[in-house]
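Visitor: Fold the stuff below for me.
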Amino acid sequence: MSVPVRPSPDLPPRPATVEERWAESRAPLVQRIRDEILGDGPITFARFMELALYDPTDGYYARRADRPTREGDYLSAPELHPIFGAALARQVEECWERLGRPATFTLREEAAGSGALGLAILEALGLPARRAVRYLPTEATPVKEAAVRARVAAAGHAEHLADEAAPAETMTGLVIANELLDALPVHRLTVRNGELLEINVAWRDGWFADELLPPSTPELGATLDSTGVRLVEGQVAEVGLAAQAWLRGLGARLERGYALVIDYGHPAAQLYDAAKRASGLLRTYRRHHAGDDPYRCVGEQDMTAHVDWTTLERVAEEAGLDVLGRTTQAEFLTGLGLGDLLVELQSRPGLTHAGYAAARAAVVRLLDPAALGRFGVLALGRGVATGPPLRGLGFRLPARAG
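Guide: Below is the predicted model of the structure:
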């Protein structure tokens, strides 16, 4: 997500009172989470995050349709400009070619949002590939999926929509997960007196509060052990078991084809570097401002955590997927010829100066290593050749001196 990292000026200074926290949050959701805690005891932070984001009635993703837009809480690459989708269309087309131009090629987009990415890809595909593609958007609720399908159909691509029963089937084609894994629930860990503990969520003094307990599953410690990471005293870190589960599901679903995972993250040694990230990388987003208090604006703000590329690659291989490569989004888009697309745009009939300026500004931001260009792109495959590299993996920026 591309947002300035500064506290939101529209929120009262911390510490907020209990009354302020109720007022800024989704009250019915707070009540349900509170009741679960009072009935069963403290819950894992992963459970709290799951409810805050994915509760089918009051969760952030279930309710907010405008979340990844200029009017919402953050701006994603697909919403920035259709040129992002046009670049990815080149990778879609190459994957279709490498699979032998199958008559039906499923393009499954996880967390499709408004459908901006899928629509931009369909618009940019060459005619032979577009005839074969069947776009399958998935979202947090059936209502949101229906809205994406309606948008694609209204744009004249109804015949390119996959059957709605397809999610339960194995597929041949390409899966795109753009900014999905960072928003899946994470467990939070810390070390006290040399002991690995999990940060749970309790109800104390009228609001949510941290409570340290032994890890809820051995899988948490095992994940850190598999990377060689040892947390230091007082360090806080996130472990994404839900992201691992998603990859295992991908391994079961993808019969033959490719997957592109686009997100911000780090190899484990960098992600858990106590000198740089002693407090972890859990972040909140609301009205294009970043924060670090997950107990504010419950149900009304986004929550994310950077992904662990080391663990994701290991789990992908265990799930029967081949790791085809990983690069930055800046390198990936450069390899796909994003700059060429911008040049070609100048000759498009009816393009205004303002329209070109918007596209150019988007390209700059997409390639900026301090903005969207720093995102990672992980390419996975199953039943496909591991070489030569996909077009998006074929470009590398010169290494920095020193």
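
Visitor: so where is this structure shaky, pLDDT-wise?
Guide: For the chain, residues meeting the criterion pLDDT under 70 lie at 1-14, 64-74, 166, 288, 398-402.

Visitor: Got the domain ranges for it?
Guide: For the chain, automatic domain parsing gives the domain ranges 18-71+187-239+265-305, 77-182+251-263+309-393.

Visitor: Show me the helices in the stretch 251-400 of the chain, by range?
Guide: Remark: helices assigned in the stretch 251-400 of the chain by DSSP state H, counting those that start in this stretch are 268-271, 309-318, 329-335, 338-345, 353-367.

Visitor: quick one: contacts for I83?
Guide: 120, 338, 341-342, 345, 359, 362-363, 366 (C-beta atoms under 8 Å, 6 or more residues apart in numbering). Using the backbone N, CA and C atoms, a C-beta is placed for each residue, glycine as well.

Visitor: Top of those by number of neighbours, please.
Guide: Within those, most neighbours by other C-beta atoms under 10 Å means L366, with 24 neighbours.

Visitor: Check which residues of stretch 346-362 are buried.
Guide: Neighbour-count burial for stretch 346-362, counted by 16 or more other C-beta atoms under 10 Å, picks out 359, 362.

Visitor: Straight-line length of it, end to end?
Guide: From its first residue to its last, stretch 346-362 covers 15 Å (C-alpha to C-alpha, to the nearest Å).

Visitor: Over to stretch 109-116?
Guide: 11 Å.

Visitor: Which among the domains of the chain is found nearest to A245?
Guide: Among these, the nearest to A245 by C-beta to C-beta is domain 77-182+251-263+309-393 (8.9 Å).

Visitor: So H81 versus A371, what's the distance?
Guide: 13 Å (C-beta to C-beta, to the nearest Å).

Visitor: Between those two, which has more neighbouring residues?
Guide: Neighbours per residue (other C-beta under 10 Å) separate H81 from A371, with H81 holding more: 22 against 17.

Visitor: And the helices in the stretch 101-250 of the chain, which stretches?
Guide: Applying DSSP H, counting those that start in this stretch to the stretch 101-250 of the chain gives helices spanning 116-124, 127-132, 142-152, 218-227, 241-253.

Visitor: can I get those in a markdown table with distance to A209?
Guide: Below are these laid out as a markdown table (distance: least, C-beta to C-beta, whole Å):
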| stretch | distance to A209 |
| --- | --- |
| helix 116-124 | 38 |
| helix 127-132 | 53 |
| helix 142-152 | 32 |
| helix 218-227 | 21 |
| helix 241-253 | 23 |
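
Visitor: just those: most buried one?
Guide: Among the helices of the stretch 101-250 of the chain, ranked by average contacts under mean count of other C-beta atoms under 10 Å, first place goes to helix 116-124 (a mean of 23).

Visitor: what's that helix packed up against?
Guide: Applying 3 or more C-beta pairs under 8 Å, 6 or more residues apart in numbering; DSSP states H and E, we find helix 116-124 packed against helix 77-80, helix 83-98, strand 105-110, strand 133-137, helix 142-152.

Visitor: nearest to R192, of those?
Guide: strand 105-110 (36.3 Å).
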